[in-house]
Structures are given as C-alpha cells and as structure tokens.
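Novice: prediction below, plus the sequence it came from.
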Amino acid sequence: MSCSARGLGEQVVRSLIGHGACVSILDVNVELAEKLVEELGHDKCYFHGSTDVSKEPEVDAALTKTLAHFPNTTLGGAILSSGIVSPPASISGYGPNLSLTSHQQFEHVIKVNLLGTYCVAQKVAELLLKNEPMNQDGERGIIITVSSILGLDGLIVGYGTSKAAIAGLTLPLAKELSPFGIRVMSVAPGVFDTPIVDRSSNTTPLSLFPKRLGQPTEFSDLVLQIIQMPMLNGSVIRLDGALRA
C-alpha cells in the first residue's frame, strides 16, 4: 500500500507492482491516482477515491475497499509517503508580513503529516496483526514511513517538526509492534528529482556526492531493500548523498 500517487510515492507504486505486488493508493489527488491506476492496471493497482489520511473514517473506508478489491491477496504493509510542505494560503501566519508560523499553520501541517501518518500506520497495523506469519521469523508485515532531512536537521517549523516527529516515532512504534512480527522503518530523503523541485533554479541544493538530485528510483530501490531485509527494523535511514539542510 502506498499513501501517495505523486513524486516518490508514485515511483514506489511502480516499483512494487514491477516486483509482483498489488498496491492500493491513498491520496486526495483523484486525477493523478486514477491516471496511475489506468496505466498500471486495475488488477494490480487500486484507488478507492479521495482519501484524507488524517481522517479515520476515510482511511477505514479505503482499507475496507482495498481488502475487498484484492480478496486473495494478503496485506503485507504500507509505505507512508504522503504529506504537505506548507498549509493552504487561507491559513495565515503572524508577525512581519505574516511570514512566521502561526499556531493554525503548525496545527494543520502536524495534522496531515504526523497524525495522518500515524492514522494509516495504526489502521494497517491492526490488519497486519491478523496475518499468519509469513516466514520462519514470524513476520506479519512492515510499515515504512517517510521522514526528511529537513526534520532531522531542523528546518521549516511546521514541516520540519512533523518530519522529525515521524523519525522519532520509528523506534517506539517498532518496539510496540515487534512482539507481533511487524517491522517499522523510516527513510529520510534529501532533495529528489520530483515535480515539487524547481529544476531551473541554481539555488536547489545538491548532494555532496554524487553531486546531483536523488532519483526517485533510488528511493524506491531502498524501500524494496528494506522490505526484503528482515534485520532492518526500528531505524531511520538518511538517503541524501551526505547533504545537510
């Protein structure tokens, strides 16, 4: 399961399906998600409809429909890559030129990025608990969240705090779920070549080495390696080419 049909999430969907998985997309962007489903095929890719991950009833509905759409497939986990960098323009800041982060702005970003991530993680974990062990280790599934170097390095109040919290969630959640054979990992990407990045700007930070933007396939390759490596659990992996925010 992927929580995004854009950017890194889109590439994860493509890579998982390329490796034989069935994927359900949770996203508010109906147009992009439906386009991806049409391209990849309804038998492998599913989209319930616009899903706000911060709203429990919408997540419940999406998961119920997902299980019904893939009746002969075991839910193996989730890659939680959805999130917003800033709140909508309708929520104003404070201070000079309203440029500082207001409580309402902070609350909005935290609700979507942190609480939305945990909402899906908890709902998926509840389903994974019902799985029969998949291997000799007794593994029942995996949850992979997406943090950011902006959270680990302390940049952008709302976004950075939400991503730092997602990183901080990794080990406690892994400790809580590990007795039941569920692993929890997080990836903290640097700057990747996705539609959100201004490719024409000379100010876009590049990795120290290789001196370029990260490629979405490098992110999805890491996700696949995490899934395939049982000893990876409870950790945050920086994927940034030594870049620091």
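Specialist: On my side now, so go ahead. Numbers count the residues shown, from 1 in each chain.
Novice: by residue count, which helix of this protein is the longest?
Specialist: Across the chain, the longest stretch assigned as helix under DSSP state H is helix 157-177.
Novice: residues near residue 94, how many?
Specialist: For residue 94, the neighbour count with other Cβ atoms under 10 Å is 12. Where you see a C-beta, it was placed from the backbone N, CA and C, and this is true even at glycine.
Novice: that one and residue 102, how far apart?
Specialist: 5 Å (Cβ to Cβ, to the nearest Å).
Novice: counting by contacts, list what the longest helix of the chain packs against.
Specialist: Contacts defined by 3 or more Cβ pairs under 8 Å, 6 or more residues apart in numbering; DSSP states H and E place helix 157-177 against helix 103-110, helix 116-128, strand 141-146, helix 149-152, strand 182-189.
Novice: now do the longest one: distance to the chain's middle.
Specialist: Think helix 116-128. Centroid separation for helix 116-128 versus its chain: 12 Å, with Cα atoms, centre = their mean, to the nearest Å.
Novice: contacts for that helix, please.
Specialist: For helix 116-128, the external contacting residues (Cβ atoms under 8 Å, 6 or more residues apart in numbering) are 1, 3, 26, 52-56, 59-60, 63, 67, 75, 77-78, 80, 82-83, 140-141, 143, 145, 166, 169, 173, 177, 180, 182, 184.
Novice: what's the spacing between the residue of the chain most remote from its centre and residue 120?
Specialist: What lies farthest from the middle of the chain is residue 96; by Cα atoms, centre = their mean that is 33.7 Å. From residue 96 over to residue 120 the distance is 37 Å, taken as Cβ to Cβ.
Novice: cool, and residue 6?
Specialist: 16 Å.
Novice: who has more neighbours out of the two?
Specialist: Using other Cβ under 10 Å as the criterion, residue 6 and residue 120 rank with residue 120 on top: 25 against 19.
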